[in-house]
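Structure, please.
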Amino acid sequence: MGRISAVFVVSGAMLSALAVPAAAQEHRWETTGNAKFEFTMCFPADLMTPQPESDDGDGRILLAKDGTELRVWGSYNTQDLTPAQALANQTKYIEKDGGKVSYKVARADWLVLSGTMGDRIFYQRASYDKVRFASFRLTYPKAQAAKWKPIAEHLSTCLDGHPQ
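So this is what the prediction gives:
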């Protein structure tokens, strides 16, 4: 089956309706989609450049000139994990790699965790529908926190992990 990737432009009128934090409103928001895992995700197109979709079609990386990285991916829930179990697994994985998780929460259909990895801050969110997870992780330099924190806040509102 062929892959379908799409980028949609979000109009200024739609931006107001999305309750974008004031500091993030100055950016040009676009949306990338993933046909395999049926999710969409917004990104600040004036700051980030989408890289090609991964060979297996599970996601893509978007890069900014200051070293910020947005990873967007989907995965099937082959282990029948709840969001709380997935959160525990992600926490262990990050801490094993030397990261420090300072905030984490799981609900019935999503999870969030954030913290630091060396001199970088990360914010990760996943939507869950029992069959799959649609996830993103924004990682940026601590020195750029004022710039990227409001963007992370908006990203958390625009991951649509429900079937399109």
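
rest of the way, CA atoms for contacts and neighbours
Noted.

V105 touches Y123, doesn't it?
No. Using Cα atoms under 8 Å, V105 makes no contact with Y123, being 12.0 Å away.

the helices in the chain, which residues?
12-17, 83-96, 145-158 (DSSP state H).

Out of the ones you listed, flag the one nearest A24.
When the helices of the chain are compared by Cα to Cα, helix 145-158 sits nearest A24, at 5.4 Å.

buried set for stretch 80-100?
Residues of stretch 80-100 classed as buried: 81-84, 86-87, 90-91, 94, 99-100 (neighbour count, 16 or more other Cα atoms under 10 Å).

Compute the number of surrounding residues for the residue nearest to L70 when sequence neighbours are not counted.
Spatial nearest neighbour of L70, chain neighbours left out: L138 (4.5 Å); criterion: Cα to Cα, 6 or more residues apart in numbering. For L138, the count of nearby residues is 24 (other Cα atoms under 10 Å).

hey, least reliable of the helices of the chain by pLDDT?
Among these, helix 12-17 carries the lowest mean pLDDT, at a mean of 41.

ok, W148 touching Y140?
Yes. Shown here, W148 and Y140 form a contact pair, counting by Cα under 8 Å, at 7.2 Å.

Quick check on these two: which one has the bigger neighbour count.
Y140 (25 against 20).

need the helices of the chain in JSON lines with distance to G67, can you?
Shown next, in JSON lines, are the helices of the chain (distance: least, Cα to Cα, whole Å):
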{"stretch": "helix 12-17", "distance to G67": "26"}
{"stretch": "helix 83-96", "distance to G67": "19"}
{"stretch": "helix 145-158", "distance to G67": "12"}
